[in-house]
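Provide a 3D model corresponding to the input given below.
(2 chains)
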Amino acid sequence: MNTVELDITIEDLKKGSEIIYKTIYENNRTKFLNFARRYGLEDDDIVDVYQDAYIAFYNNVMSGKLETLTSSVSTYIISIGKFMIFDKLKRNKTVRTVDFDVSVLQKNANIVDAMDIETEALTVQQRLLKKHFKTLGRQCQELLTLFYYRGFTIKEILNHGSYNSENVVKSAKSRCMKTLKERIKLN
Amino acid sequence: MNNEDLIQGYFSNSLTPNQEQLFESLLAEDADFKAQFEFEKDLKRVIKEEESEVLKAKLQTFETALKHQADAEVKTSWFNWKMAAAVLLFLSAGWFGYDAFFGVNTVELYASNYNPYPNTVYPITRSDTLNAIERQAFVAYEAKEYENAIAAFNTLSNPENYISFYKAQAYLELNELDKAKELFKKNIKEVSNFIAESHWYLALIYLKEGDKIQSKKELKLLLEKHNYKRTEAKKLLNTLS
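Presented below is the predicted three-dimensional model:
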């Protein structure tokens, strides 16, 4: 099992294979659970944090924020998980917070520092945006996802999909954005 | 390069230093530019949320499958255990003491339930020099140098209210059960935090001392009002009852 993980590279992950996604989840689960139990959280909560930490790791790989792995995958997931647990404990007021500052913890943990981790819920404006994004056609959603989630350039999108030229990609994107804005306005 | 290209370059991480400078100044001076950028930033966040939801749903199906698998394994091992126990009982019925077989080994229960409480209050990665003694104490605590930790805790001139809880932990690690007990009790009475945790550790100390009645009492207090270690406490209480 371990050898499978050692062989996994960022490039493999980026291909979006479900088998690799599942293998990494299963291989690191026990280790994470054992690590997190010391914080006195319920097992269901720990699994929840594990999933969120894993997703945060995965998102950073997919967005290109994380370009190479300098530690094992489990180190990444555990670092993010630790950050999330402290954040959770702080919100539940279990941690006495006289001068406790999550950002200090974050700053010092190099791994976490180098990544985008969302701990805030969507704002009202963002929720509205989400509602209308979902009403867009499949092609628009895919195009915008490649651009904003994967961080692809127009050129990379051209190479990736079924467009004839950069200008076609650009105008398709403009049309999608225009539709989205109109639908929000009509809300 | 027009404004749209600039924003696109930002999101694909491909701006040159000069373009970056232009980008920053437009952001500061041009309200329309800023509004467009904020809109796209929100969109990025929203799409990430969408993707995360899909990923989460997938993980939940993996998790359900894992749990089914684990349940199936528990059933099998329970079955084997029953068989083995039946054979053993049959073979040893004449001379094996009933009590020794079914009695509860409190020391083992203690060992299987006890874990020292981690430092969740003082990140020792802090680089400032405030509370240098407290930092020293928690460095020692995390390094499992409990005598040093206690010494440092004792020299704090104005200790935070969580200190007594951690001091109790250190005493417990050093097997000074009476001192640990006293501090946990004091903590429950006088301090507003780590109360559930103190009940749990008191229950474990009583367990270690073989005092099942007191141990059960603490577990019940824990279960009455708190969520900390709920599953473990219930399980332990069942074993002791």
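
which parts of chain B are helices?
Remark: helices assigned in chain B by DSSP state H are B:3-11, B:17-29, B:31-92, B:98-102, B:106-113, B:132-142, B:146-155, B:163-173, B:177-190, B:195-208, B:212-225, B:230-240.

ah, wrong one, I meant chain A
Shown for chain A, the helices assigned by DSSP H span residues A:2-7, A:10-14, A:18-36, A:43-62, A:73-91, A:102-108, A:110-113, A:124-133, A:138-144, A:154-160, A:166-186.

picking up where we left off before, and of the helices of chain B, who's closest to chain A?
Minimum separation from chain A across the helices of chain B (CB to the nearest CB) falls at helix B:31-92, 4.1 Å. Where C-beta positions appear, they are placed from N, C-alpha and C, glycine not excepted.

ok, now which ones touch residue 144?
As the question left the chain open, I've gone with chain A. A:133, A:136, A:173, A:176-177, B:43, B:47 (CB atoms under 8 Å, 6 or more residues apart in numbering or on different chains).

that's the other chain; I wanted chain B
B:Lys144 is in contact with B:Glu173, counting by CB under 8 Å, 6+ apart.

ditto for A:Ile80
A:53, A:56-57, A:111-112, A:115, A:117.

and it, how far is that from chain B?
Distance, A:Ile80 to chain B, by CB to the nearest CB, to the nearest Å: 13 Å.

one step back: Serialize the helices of chain B to CSV and add fields for mean pLDDT, mean neighbour count and distance to chain A.
Formatted as CSV, the entries for the helices of chain B read as follows, by pLDDT from 0 to 100; neighbours: other CB atoms under 10 Å in any protein chain shown; distance: least, CB to the nearest CB, whole Å:
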stretch, mean pLDDT, mean neighbour count, distance to chain A
helix B:3-11, 91, 17, 6
helix B:17-29, 95, 12, 13
helix B:31-92, 83, 13, 4
helix B:98-102, 45, 8, 28
helix B:106-113, 81, 15, 11
helix B:132-142, 83, 19, 10
helix B:146-155, 89, 18, 15
helix B:163-173, 92, 24, 10
helix B:177-190, 91, 17, 13
helix B:195-208, 92, 24, 7
helix B:212-225, 91, 17, 11
helix B:230-240, 89, 16, 7
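
output those helices in JSON lines; the columns should cover distance to A:Glu166.
Shown next, in JSON lines, are the helices of chain B (distance: least, CB to CB, whole Å):
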{"stretch": "helix B:3-11", "distance to A:Glu166": "11"}
{"stretch": "helix B:17-29", "distance to A:Glu166": "18"}
{"stretch": "helix B:31-92", "distance to A:Glu166": "19"}
{"stretch": "helix B:98-102", "distance to A:Glu166": "77"}
{"stretch": "helix B:106-113", "distance to A:Glu166": "63"}
{"stretch": "helix B:132-142", "distance to A:Glu166": "54"}
{"stretch": "helix B:146-155", "distance to A:Glu166": "63"}
{"stretch": "helix B:163-173", "distance to A:Glu166": "61"}
{"stretch": "helix B:177-190", "distance to A:Glu166": "66"}
{"stretch": "helix B:195-208", "distance to A:Glu166": "60"}
{"stretch": "helix B:212-225", "distance to A:Glu166": "64"}
{"stretch": "helix B:230-240", "distance to A:Glu166": "57"}
